[in-house]
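**Q** using only what follows, build the 3D model:
(2 chains)
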Number of protein chains: 2
Amino acid sequence: MQREPQNFGRVLSSMCTVPHPDAREAARRFLADNPGDPTTYPAVAELEREAVELLGEITGLDDPHGYVASGGTEANLQAVRAARNLADGDDPNVVAPESAHFSFQKAADVLGVELRLAPVDDDRRVDLDAVRRLADDETALIAGVAGTTEYGRVDPIPDLGEVAREVGALLHVDAAWGGFVLPFTDWAWNFADAPVDTMAIDPHKMGRAPVPAGGFLARDEATLDALAVDTPYLESTSQATLTGTRSGAGVAGAKAAMDALWREGYRENYERGQANAEWVADALESRGYGVVDPVLPLVAADIPREEISALQSAGWRVSPTATGELRIVCMPHVTREMLEEFLADLDSV
Amino acid sequence: MQREPQNFGRVLSSMCTVPHPDAREAARRFLADNPGDPTTYPAVAELEREAVELLGEITGLDDPHGYVASGGTEANLQAVRAARNLADGDDPNVVAPESAHFSFQKAADVLGVELRLAPVDDDRRVDLDAVRRLADDETALIAGVAGTTEYGRVDPIPDLGEVAREVGALLHVDAAWGGFVLPFTDWAWNFADAPVDTMAIDPHKMGRAPVPAGGFLARDEATLDALAVDTPYLESTSQATLTGTRSGAGVAGAKAAMDALWREGYRENYERGQANAEWVADALESRGYGVVDPVLPLVAADIPREEISALQSAGWRVSPTATGELRIVCMPHVTREMLEEFLADLDSV
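**A** You can find the predicted model right below:
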């Protein structure tokens, strides 16, 4: 039986989207190249260096160190791993907001570090006092999120940087989803705004690259060195990535998408997505639903579970938050027409 | 500047190859689908279930548990992680041959387990007595390789299974490269041949799928459960994969390649590759080079470092083993004509 790829016409809760046409074409061309073996595949390795340079430009970092990762989970895990490997103590811990992506739970299990979760405040940003209480001499990493998965919130990154410096920890920012919209806002989130050591920023989310194209960035080369293992049979002598063989499609696709869209294309994506988010938030509020104000292009609304189920049965790809709210992520493929159709279906269920 | 993907006409040492045309087409169609979110992308999730069934068929496992991983590194790491998580003791160790892929070093660093490397015998297969000496009550996993990266050797898997049972460890087989050629040989290597608990088998190597398409297989569901973390905002309630967002291109490409090639196409690949390996081994031996007998389609030959450098300058993508031998991996794209051209260049350097 021939299966069909997902039609994005009713996908509202995903952080993936339709890749840019240039990114699709680059992915097709570089499908068989392996950036994990840069001596055998030098062209795609060069594309990766250029992609990392562009990611540095987007995140306010001159001379960036890093690579195109499999996604935000790998980038978050590698940040924790580097901090753990560089830590002095025997029992390193990580302090992150409870709103952090579940990949931090995965990283804690994989890496055997203690994860201390700080509660969030009324606006769903991390509570700084709680972070101060949780952080201690054994804290290897403090993580903040710039664009949370569930509510699109931006933690107070410069303040987290102060706490990190006080306890001698590294500061990681998870901008996996937010990194390609935040440059067009007033939020302080990047390497230029705060003493950020590492960052996750995924071209395959708001960057319109094909999967797998995450980004792991580090301010210092030593951070990347803390991840390196020897590679006996490859010409390059060490490898800092989590995976071995990697996707040339992801690397070339990320470079092509950023070439096409940075910077004005991404600004348009942001402005359209933000306007759609505010529009649908108002429309839901006017219908009497409780709505979490969209500070970035992501709306969460209190819609009863049975109405969500009815929408799912009607083909809408919507999934709830941990506390049951429906999430609408205004990705580039989400149009005003889709949202109008969604509201019409909501009104009829 | 427009960069060109690698031409495979002179690639001899890579374990990647040109994907099957059906796999390319499937990858193109499913580029934007995320099998990491099966409720939003049900079609690619179904393709993944079918791909895992096929991998079970290839590896002698009814009712297989597993998924399409980013590659062999992830599959090896996940095997170590599952064994560590299931172990009783506080200080679990892993026993593997010194010929094991460097991803076991990476897994040991990431997971914080002790890696004990057993020497190999004169035929470069793991020394069983050494494995017995290294294994103890704290051994969580014994790993064997079915098709080593450097020499294509197959460890004595059933014997390793006996040692594993004696010390209460799990048995993992790394067939990342060998898994698509071993079904056509007499080697005992798979789930039906021995008490294998987990396996790495990569469609994106000899299976002619596009990257990223590794395979992680487990005999028991409990092994996969030992890897699961909660996924609060996804409809599926837990996730056992190492990465989060995953490549639909890899999953759909793997399924398409296996549909096209299992079983007779892979047999032809194997027979042609093995014949080419034996032919080039004879040709090198007759020129006076020391050659490691190719038991699988992989030849290592003692070629002086300066001759390897000259060949690299002539555009040949060849890389040496840890001990300096040149490796020729007879992947599906490696033709007799390429090898003849290679020998002509070798004769002239």
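
**Q** low-confidence stretches in the stretch 1-150 of chain A?
**A** In the predicted model, the stretch 1-150 of chain A carries pLDDT under 70 at residues A:1.

**Q** enumerate every residue touching the closest residue to chain B within it.
**A** Here the stretch 1-150 of chain A gets closest to chain B at one residue, A:Thr73, 3.8 Å apart by C-beta to the nearest C-beta. Glycine gets a C-beta too; all of them are placed from N, C-alpha and C. By C-beta atoms under 8 Å, 6 or more residues apart in numbering or on different chains, the residues touching A:Thr73 are A:His101, A:Ser103, A:Lys106, A:Ala107, A:Gly214, B:Leu242, B:Thr243, B:Gly244, B:Thr245.

**Q** neighbours of the third one, how many?
**A** So the one you mean is A:Lys106. The number of residues packed around A:Lys106, counting by other C-beta atoms under 10 Å in any protein chain shown, is 26.

**Q** please enumerate the strands of the stretch 201-349 of chain A.
**A** Residue ranges of the strands in the stretch 201-349 of chain A, as given by DSSP state E, counting those that start in this stretch, are A:214-218, A:229-230, A:238-239, A:291-292, A:298-301, A:326-329.

**Q** returning to what we had before: SS state for the residue of the stretch 1-150 of chain A closest to chain B?
**A** State at A:Thr73, reduced to three classes by DSSP: H, G, I helix; E, B strand; the rest coil: helix.

**Q** just flag the most distant two among the contacts of A:Thr73.
**A** Of all pairs drawn from the contacts of A:Thr73, the one with the largest separation by C-beta to C-beta is A:Ala107 and B:Thr245; the distance is 15.3 Å.

**Q** looking at the two, which one has more neighbours?
**A** More crowded of A:Ala107 and B:Thr245, by other C-beta under 10 Å: A:Ala107, with 29 against 26.

**Q** go ahead and confirm the more buried one touches A:Ala82.
**A** No - if you go by C-beta atoms under 8 Å, A:Ala107 and A:Ala82 don't touch, sitting 11.2 Å apart.

**Q** let's verify A:Val68: helix, strand, or coil?
**A** Counting by three-state DSSP, the backbone at A:Val68 sits in strand.

**Q** show me the strands in the stretch 51-200 of chain A, by range?
**A** The residue ranges that make up the strands of the stretch 51-200 of chain A, judged by DSSP E, counting those that start in this stretch, are A:65-69, A:93-97, A:114-118, A:139-145, A:170-174, A:198-200.

**Q** okay if I get these as a markdown table plus mean neighbour count and distance to chain B?
**A** Putting the strands of the stretch 51-200 of chain A into a markdown table (neighbours: other C-beta atoms under 10 Å in any protein chain shown; distance: least, C-beta to the nearest C-beta, whole Å) gives the following:
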| stretch | mean neighbour count | distance to chain B |
| --- | --- | --- |
| strand A:65-69 | 27 | 9 |
| strand A:93-97 | 27 | 14 |
| strand A:114-118 | 19 | 11 |
| strand A:139-145 | 30 | 13 |
| strand A:170-174 | 29 | 12 |
| strand A:198-200 | 30 | 11 |
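
**Q** for B:Ala146, find the nearest of these.
**A** Minimum separation from B:Ala146 across the strands of the stretch 51-200 of chain A (C-beta to C-beta) falls at strand A:65-69, 28.8 Å.

**Q** quick one: residues in contact with that closest one.
**A** Outside strand A:65-69, the residues within contact range by C-beta under 8 Å, 6+ apart are A:35, A:48, A:51-52, A:55, A:75, A:78, A:200, A:203, A:212-221, A:223-224, A:240-242, A:246, A:250-251, A:254.

**Q** repeat for stretch A:107-119
**A** Residues from elsewhere that reach stretch A:107-119, judged by C-beta under 8 Å, 6+ apart: A:73, A:76-77, A:80-81, A:84, A:91-98, A:100, A:104-105, A:126-127, A:130-131, A:134, A:139-140, B:81, B:85, B:110-112, B:229, B:242.

**Q** of those, just the buried ones, PyMOL syntax please.
**A** Selection command for PyMOL covering only the buried members of the contacts of stretch A:107-119, criterion 16 or more other C-beta atoms under 10 Å in any protein chain shown:
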select buried, (chain A and resi 73+76+77+80+81+84+92+93+94+95+96+97+100+104+105+126+127+130+131+134+139+140) or (chain B and resi 81+85+110+111+229+242)
